[in-house]
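Visitor: sequence? don't have it. structure:
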């Protein structure tokens with residue numbers, strides 16, 4: 001399988017490049033970063049799959065370039081909205097090329113989300129704390145938002161107010177998603193971690209996953225690439241192929 005890496009000079013992109021070079025069944029077709037033309041690369045060096053780890057503000061332009069450039073897209077860039085996904089479905093239908101988007105490609109992290117979804121059935125109080133390195137540009141993470149979405153399926157809401165609360169510091173309780181409080185930590189020392197805390201009278205449950213190296217993303221990226229390379233569909237979330 002021929003793979004082009006978009007965002008190859010970033011920390012995640014560089015990890016993907018090294019992974020592709022080390023795999024006997026993968027060939028590095030292109031290595032693209034700022035100042036390079038992804039469209040020109042695909043025209044001169046065709047790829048089966050483009051793996052994209054870039055920036056949220058160029059997410060749609062990038063996906064369109066990949067699909068209309070004749071490759072399938074495996075996208076770890078975050079920030080996609082429901083309207084974005086509808087547009088991508090139309091592009092997939094038009095081009096016959098697939099797109100696999102995942103807020104997180106770490107298999108353990110996806111399992112954590114599924115555990116949290118199940119636990120949410122039994123708890124009415126929940127908070128999510130996500131931890132990333134200081135250079136991550138968006139917050140909260142796509143993984144945290146996806147986890148909250150899964151926990152809130154079937155119109156479940158959390159953290160019913162029992163009294164009037166006073167904020168001594170504005171924003172100290174974090175963001176809010178259907179009552180679930182979301183907190184984002186950004187500092188050196190972290191790669192990607194997430195903690196889901198669920199509470200009930202007399203007990204609390206903590207579900208946590210820690211990624212200590214970016215190599216932890218590679219098995220999921222590989223699985224997604226193998227799955228989507230010959231399929232004309234949009235997949236959102238690694239859980240659909242586990």
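Guide: All right, it came through fine. The model shown is predicted, which means the values in this text are computed figures rather than measured ones.
Visitor: nearest residue to the most centrally placed residue in the chain other than its sequence neighbours?
Guide: The residue lying closest to the centre of the chain (C-alpha atoms, centre = their mean) is residue 103, at 1.4 Å. Using C-beta to C-beta, 6 or more residues apart in numbering and skipping residues adjacent in sequence, the residue nearest residue 103 is residue 142, 3.4 Å away. (C-beta placed from N, C-alpha, C; glycine too.)
Visitor: in this protein, which spans are strands?
Guide: Here the chain has its strands, by DSSP state E, at 2-6, 27-32, 49-52, 72-75, 99-101, 125-132, 175-177, 180-186, 192-200, 203-211, 234-236.
Visitor: thought residue 233 was touching residue 91?
Guide: No. Contact status for residue 233 versus residue 91: not in contact, 11.8 Å apart, counting by C-beta atoms under 8 Å.
Visitor: more crowded one of those two?
Guide: Taking other C-beta atoms under 10 Å, residue 233 and residue 91 do not tie; residue 91 has more neighbours (18 against 14).
Visitor: That one: what's it in contact with?
Guide: The neighbours of residue 91, taking C-beta atoms under 8 Å, 6 or more residues apart in numbering as the test, are 63, 64, 67, 68, 99.
Visitor: Give me the distance between the two termini of stretch 32-51.
Guide: End-to-end span of stretch 32-51 (C-alpha to C-alpha, to the nearest Å): 10 Å.
Visitor: repeat for stretch 30-42
Guide: Stretch 30-42 has its terminal residues 8 Å apart, counting by C-alpha to C-alpha.
Visitor: from the chain's centre, how far out does it sit?
Guide: Distance of stretch 30-42 from the chain centroid (C-alpha atoms, centre = their mean, to the nearest Å) equals 22 Å.
Visitor: before we move on, what about stretch 116-134?
Guide: Offset of stretch 116-134 from its chain centre (C-alpha atoms, centre = their mean): 16 Å.
Visitor: repeat for stretch 133-147
Guide: 9 Å.
Visitor: Sounds good, over and out.
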